[in-house]
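Peer 1: My questions are about this predicted structure, shown below with the sequence.
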Amino acid sequence: MPELPEVETVRRGLERHVVGRRVETAEVLHPRAVRRDPGGPAGFAAAVTGRLFTSAERRGKYLWLTTDDGEALLAHLGMSGQLLVGPPDRPLSPHVRIRFTFTDGGPDLRFTDQRTFGHMTLVPFAPGAPLASEAAPSPGALPAPGATPASEAPPASEATPAPSVAASPGVAAPPSVVVPPSVAAPPSVVVPPSAAGLVTMTGVAPVPDAVPPPDVMTAPGTPVSVLLPAPIAHIAPDPLEPAFDAKAFAGRLVRRHTGIKRALLDQSLISGVGNIYADEALWRAKLHWARPTETLRRGEVTRVLTAVHDVLCDALGAGGTSFDSLYVNVNGESGFFDRSLAVYGREGQPCPRCGTPIRRDPFMNRSAYSCPHCQPRPRRAHR
Ligand SMILES: [Zn+2]
């Protein structure tokens, strides 16, 4: 499943190739791709047509394109979703679910999804963001945390190799869309006209001294204020966005009474961290995945957060992790962070730090990979 670095890689491609362009046609080729849109395939296509995309945003594993009339085209890539940009006349893969063409006649945008767990929908922004210091939010602004759409994914078929679908022959090979942070144009924060009176997310969140600020990612290229699409208003900030409050996270973490890995996967606590990067971050922080959060010392929480931040940035710098060619940027290119993984998927292979064979434990219908020497099992353990 694509995690934050893979999704951010796609967002940067959309920012570069799609933002500033107006939709001429939208064609839904498979109704499941718009199953969450109340308009259905025809209504979705009609509603998107004519919209101008004004920015590309992300929270956790969700992506959205803001439109000139103040709505959001929200996308979740599910298990195998791709957003690909290329010449409009290239062959149409059988896995293309939605195709967008633009009034400038340039490259089109295709939502391709072999396993059809991904989806797109046109949604309003949430009225009233959840800021404690603000007036009471409107009723209905905060969906129940249990409704996280990630749960729609089936349990874990890690063993199932997904056949390649990425190599569409006609896809041009333009330069990589991974734009170095120093080059990325900061997307302007678009406050739609209809947003008058709405509360935007806070700007740069206070970060306690103990936790290094995520400066690598939040310098240019990251909006300082983001309105959230209504369906994802309950999802916690991810560690690469300015709204992420490390101190608040630390406080909520130790009150959770759960295992640290389970907490890292909880999208209402911290978003964008999935199985791969949770294992990698815990290895870097030298903490066992079942360590009870209530026993974490302050320095350990800082270590975990720093490790999560660093592993996400490292993976982003490599264009993400691709075990097969399903996770690609908008030009169909795979990332190469899989070469840098220390523990994930490496059962029996030597720990890069101490040489001890990596162990694999069953975890939530999936796996947890760790080093028995660097990450000893705690006496008390949560699963
Ligand atoms: Zn080790």
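Peer 2: Yep, that arrived. Residues are numbered from 1 along each chain as shown.

Peer 1: Based on its surroundings, how many neighbours for residue 106?
Peer 2: By the criterion of other Cβ atoms under 10 Å, residue 106 has 13 neighbours. Any C-beta I mention is one placed from the backbone N, CA and C, and that applies to glycine too.

Peer 1: swap that for residue 15, sorry
Peer 2: 23.

Peer 1: Which helix or which strand is home to it?
Peer 2: Per DSSP states H and E: residue 15 is located in helix 4-17.

Peer 1: and that helix, what does it pack onto?
Peer 2: Contacts defined by 3 or more Cβ pairs under 8 Å, 6 or more residues apart in numbering; DSSP states H and E place helix 4-17 against strand 53-59, strand 62-67, strand 81-86, helix 298-317.

Peer 1: Identify the residues contacting residue 362.
Peer 2: Residue 362 is in contact with residue 368, counting by Cβ atoms under 8 Å, 6 or more residues apart in numbering.

Peer 1: err, residue 260, not the other one
Peer 2: 253, 282, 287, 288, 289, 290, 291, 292, 293, 296, 304.

Peer 1: And the pLDDT for the closest residue to it other than its chain neighbours?
Peer 2: Once flanking residues are discounted, residue 260 sits nearest to residue 291: 4.7 Å by Cβ to Cβ, 6 or more residues apart in numbering. According to the prediction, residue 291 has pLDDT 96.

Peer 1: and if you look at the one 5 residues further on?
Peer 2: The pLDDT attached to residue 296 in the predicted structure is 94.

Peer 1: Please tell me how far the residue nearest to residue 260 sits from the ion.
Peer 2: 16 Å (Cβ to the ion, to the nearest Å).

Peer 1: Quick check: phi and psi at that residue.
Peer 2: Main-chain dihedrals, residue 291, degrees, to the nearest 10: phi -60, psi 120.

Peer 1: what sits against it?
Peer 2: By Cβ under 8 Å, 6+ apart, residue 291 lies in contact with 259, 260, 378, 381, 382.

Peer 1: if you set the cut-off to 7 Å instead, what comes out?
Peer 2: Neighbour list for residue 291: 259, 260, 378 [criterion: Cβ atoms under 7 Å, 6 or more residues apart in numbering].

Peer 1: ok so, going back, after the helix holding residue 15, which helix or strand is next?
Peer 2: Per DSSP H and E, helix 4-17 leads on to strand 23-28 as the next helix or strand towards the C-terminus.

Peer 1: Just the C-alpha atoms of the following helix or strand past that next one, please, in CSV.
Peer 2: Once the chain leaves strand 23-28, the next helix or strand it forms, by DSSP H and E, is helix 40-48. Once non-C-alpha atoms are left out, helix 40-48 reads as follows in CSV (Å, rounded to 0.1, in the frame of the first residue of the first chain):
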residue,chain,number,x,y,z
GLY,A,40,-22.2,8.7,-9.3
PRO,A,41,-20.1,8.3,-12.5
ALA,A,42,-22.2,10.7,-14.6
GLY,A,43,-22.6,13.3,-11.8
PHE,A,44,-18.9,13.2,-10.9
ALA,A,45,-17.8,13.6,-14.5
ALA,A,46,-20.2,16.5,-15.1
ALA,A,47,-19.2,18.2,-11.8
VAL,A,48,-15.5,18.0,-12.5
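
Peer 1: Which other helices and strands does helix 40-48 contact?
Peer 2: strand 23-28, strand 119-124 (3 or more Cβ pairs under 7 Å, 6 or more residues apart in numbering; DSSP states H and E).

Peer 1: can you do 10 Å?
Peer 2: strand 23-28, strand 62-67, strand 71-76, strand 96-102, strand 119-124 (3 or more Cβ pairs under 10 Å, 6 or more residues apart in numbering; DSSP states H and E).
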